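Engineer: here's a sequence, model it:
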Amino acid sequence: MNRQGITRICWFSSCAVYGDAPMPRDETTTPQPNNFYGASKLAGERVFQEWVAGDANRSALIIRPTITFGPGNVANMYSLIRQIASGRFFLAGSATNYKSLSYVENLIDATIHLWARDTSGFQLFNFVEKPDLTSTEISIAIAAALGKKSPGPRLPLGLVLALAIPFDLLTAVTGKDLGISSMRVKKLFVWNTRFEAEKLRATGFHSPVSVREGLRRMVEWWLKEGRSQKPVWRQPPGPST
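Structural biologist: Just a heads-up that it's a prediction; the model follows:
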């Protein structure tokens, strides 16, 4: 950038930088990443913060999206749609934990909106859809888009965690991802991944597509052309690599 005389950049970080930080998690919250992905994103932010500090003419717009989904995505939400469509999905416990989401078209619109403003200096924004939905609400919305009356039966959380133990042991021994683990059960049905984005809304931006409509559009894509694809899990390498 310096060699080409570029003085302005937009860079996508992630809400994963917050990690174990207490809620509410907004731009004033001190990040506490708990995995390599979040740590690498935070390190990237600091590179640009130092870069901006080195020259008054430089500016950096940093956007922290939460889990992003939409047509063409074959990661987290894709796997959830596939599981509900298969008829082998179930809810564990109350599943009233909140999951902040980011619909890709809204994220693009927000980026263009922020880029068109004065972005002098180092500016940081979360991107999160509101209102947040619970795991139950997300599952029901996907099931409805698939034409199902419900996403599946509801089982006691303790029972599901007990049933996941053999899969945890097999994964530890074989190193293979078997698709089921106690960690995934807790992540989907217990843990809150909830973030705030009032700073973005204060600029006048409001997502044109609701979360439920975004889920419907992704399910529509999945039914037409996405079901034949395979989930892709992308994680940065560990420190020894």
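Engineer: can we go C-alpha only for contacts and neighbour counts from here?
Structural biologist: Will do.
Engineer: correct me, but Ala141 touches Gly214?
Structural biologist: No: in this structure Ala141 lies outside contact range of Gly214 using C-alpha atoms under 8 Å: 10.1 Å.
Engineer: which one of the two has more residues nearby?
Structural biologist: Applying other C-alpha atoms under 10 Å to Ala141 and Gly214 shows that Ala141 carries more neighbours, namely 22 against 19.
Engineer: in contact with the more buried one, which residues?
Structural biologist: 212, 215-216 (C-alpha atoms under 8 Å, 6 or more residues apart in numbering).
Engineer: check those residues against Leu200 and report the nearest one.
Structural biologist: Arg212 (20.5 Å; C-alpha to C-alpha).
Engineer: measure Leu114 to Tyr103 for me?
Structural biologist: According to C-alpha to C-alpha, to the nearest Å, Leu114 and Tyr103 sit 16 Å apart.
Engineer: if we can go back for a sec, as a markdown table, the contacts of Ala141 with pLDDT, neighbour count and distance to Leu146 would be great.
Structural biologist: As requested, the contacts of Ala141 are exported to a markdown table (pLDDT from 0 to 100; neighbours: other C-alpha atoms under 10 Å; distance: C-alpha to C-alpha, whole Å):
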| residue | pLDDT | neighbour count | distance to Leu146 |
| --- | --- | --- | --- |
| Arg212 | 97 | 17 | 13 |
| Leu215 | 98 | 24 | 10 |
| Arg216 | 98 | 20 | 8 |
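Engineer: now, among those, which is nearest to Ser79?
Structural biologist: Using C-alpha to C-alpha, Leu215 is the member of the contacts of Ala141 that lies nearest Ser79, at 12.9 Å.
Engineer: which residue packs closest to the closest one, ignoring adjacent ones?
Structural biologist: Excluding its sequence neighbours, the residue lying closest to Leu215 (C-alpha to C-alpha, 6 or more residues apart in numbering) is Ile142, at 6.4 Å.
Engineer: hmm, the one you found is touching Ser79, no?
Structural biologist: No: taking contacts as C-alpha under 8 Å, Ile142 lies outside contact range of Ser79: 11.6 Å.
Engineer: pLDDT weak spots in this protein?
Structural biologist: Along the chain, the parts satisfying pLDDT under 70 run over 178-179, 231-241.
Engineer: 90 instead?
Structural biologist: Along the chain, segments meeting pLDDT under 90 span 74-76, 79, 88, 118-119, 163-164, 167-168, 170-181, 183-188, 191-192, 226-241.
Engineer: just the helices in it please.
Structural biologist: Counting by DSSP state H, the chain has helices at residues 36-53, 76-86, 104-115, 135-145, 157-174, 182-189, 198-201, 211-221.
Engineer: now distance to Thr28 too, for those helices, in JSON lines please.
Structural biologist: Listed next are the helices of the chain as JSON lines, based on distance: least, C-alpha to C-alpha, whole Å:
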{"stretch": "helix 36-53", "distance to Thr28": "14"}
{"stretch": "helix 76-86", "distance to Thr28": "27"}
{"stretch": "helix 104-115", "distance to Thr28": "18"}
{"stretch": "helix 135-145", "distance to Thr28": "26"}
{"stretch": "helix 157-174", "distance to Thr28": "34"}
{"stretch": "helix 182-189", "distance to Thr28": "25"}
{"stretch": "helix 198-201", "distance to Thr28": "10"}
{"stretch": "helix 211-221", "distance to Thr28": "25"}
